[in-house]
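**Student:** Sequence and computational prediction follow.
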Amino acid sequence: MIMQTAVEFESDGQTIRGMFHSPDGADRPVPGVLLCHGFTGTKCEPHWIFVKTSRRLAEAGIASLRFDFRGSGESDGEFADMTVLTEVSDAGSALSYLAARDEMNGARLGILGLSMGGFVTASLLANDSRPSSAVLWSAVCDFAELLPAIMAQSRPTVATDAGHLDMNGYLINPGFMAAIAACDPVGGVKAFAGPLLIVHGDADETVPLDHARMYHEAAEARGAPTTLRVVKDGTHTFDSYSTEAEVISATVGHFGATLSA
């Protein structure tokens, strides 16, 4: 049986809400994985791929925490205040919460990031040594390449006078791009000493496959196990039963092999 519990914890004085999954009846501390969602996403993600992944991890004896960044989903805060730096801070707070739970073996923590959550994950790894295994799904590496498409979907907002951009109803912080420039996801991957799995679809309509190749090239020089898995016909969020199943199986297999005793 899988235990699934709604949880709350604090990040920079605001409440983060998430869902903790754990194997039932574990007689010893278990490893755990933190799941970081993408831009405008939530702790469930499309077709509940994060929910399914957490449940599969629990079946494999691995706990997990999926959570909403501040300004997203059910967590406190406003999306208009969100930047990559606030999300890196939230991910650090989430790791602290996960590691401190009684069920957890804090020395065996993994992290998974989807899309911008992958950028956040890689950036976090530059300064946080707690994760010992990582997976990137459809991860953004170079925001400058994506900026023209982002701007094409945006327009000056009339909702505030603070300089936000209105992207399909989402107010984008005027400091969003400056915060990105302060992050070093490639450096984070280079600094990461643990096993890394990079998963990307060859039909990703949002983040080109080249982003995965940039991460892979940077990580290969580390001397630590690095795998690039290109999912045939995989879209940005792996929107088919077969590609979803492939990605979840590869991810659970990676964490099972690298976090379990």
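**Tutor:** Perfect, thanks for sending it.
**Student:** Give the burial count for residue 167, as a bare number.
**Tutor:** Other residues near residue 167 number 17, with proximity taken as other C-beta atoms under 10 Å. Quick note: C-beta positions are derived from backbone N, CA and C, even for glycine.
**Student:** likewise residue 89?
**Tutor:** Residue 89 has 17 nearby residues by other C-beta under 10 Å.
**Student:** name the element it belongs to?
**Tutor:** Under DSSP states H and E, the secondary-structure element containing residue 89 is helix 84-100.
**Student:** in that helix, what's buried?
**Tutor:** Neighbour-count burial for helix 84-100 flags 84-95, 97-99 (criterion: 16 or more other C-beta atoms under 10 Å).
**Student:** Tell me the strands beside the next helix or strand after that helix, with direction?
**Tutor:** Next helix or strand after helix 84-100 toward the C-terminus (DSSP H and E): strand 104-114. Partners of strand 104-114 in the sheet, by DSSP bridges, are strand 30-36 (parallel), strand 131-137 (parallel).
**Student:** downstream neighbour of strand 104-114 in the secondary structure list?
**Tutor:** helix 116-124.
**Student:** From the rest of the structure, what touches that next one?
**Tutor:** 35-39, 41, 84, 87-88, 91-92, 111-113, 131, 134, 136-141, 143, 180, 183-186, 188-189, 215 (C-beta atoms under 8 Å, 6 or more residues apart in numbering).
**Student:** Model confidence for the closest residue to residue 86 other than its chain neighbours, exactly?
**Tutor:** With C-beta to C-beta, 6 or more residues apart in numbering as the criterion, residue 86 has its nearest non-adjacent residue at 6.1 Å, and that residue is residue 70. At residue 70, the predicted lDDT confidence score is 98.
**Student:** Okay, and residue 70 sits in which element?
**Tutor:** Residue 70 belongs to no helix or strand when elements are defined using DSSP H and E.
**Student:** Quick one: residues contacting it.
**Tutor:** Applying C-beta under 8 Å, 6+ apart, the residues contacting residue 70 are 11, 12, 14, 16, 76, 77, 81, 82, 86, 87, 90.
**Student:** what's the helix or strand for the fifth one?
**Tutor:** Right, the one you point to is residue 76. For residue 76, there is no helix or strand it lies in under DSSP H and E.
**Student:** and it, how many residues sit next to it?
**Tutor:** For residue 76, the number of neighbouring residues by other C-beta under 10 Å comes to 16.
**Student:** hang on, it packs against residue 10?
**Tutor:** No - in this structure, residue 76 sits apart from residue 10 without contact. The criterion is C-beta atoms under 8 Å, and the distance is 9.2 Å.
**Student:** Give the residues shared as contacts by these two.
**Tutor:** Jointly contacting residue 76 and residue 10 under the rule C-beta under 8 Å, 6+ apart are residue 16.
**Student:** Can you give me the distance of the residue nearest to residue 86 to residue 80?
**Tutor:** With the distance defined as C-beta to C-beta, to the nearest Å, residue 70 ends up 11 Å from residue 80.
**Student:** Please apply the same query to residue 211.
**Tutor:** From residue 211 over to residue 80 (counting by C-beta to C-beta), the distance is 26 Å.
**Student:** between these two, which one's more packed in?
**Tutor:** residue 211 (26 against 19).
**Student:** Between strand 131-137 and the helix or strand the more buried one falls within, find me the angle.
**Tutor:** Assigned by DSSP H and E, residue 211 belongs to helix 209-220. Between helix 209-220 and strand 131-137, the angle comes out at 160 degrees (axes from the mean of the first three to the mean of the last three C-alpha atoms, to 10 degrees).
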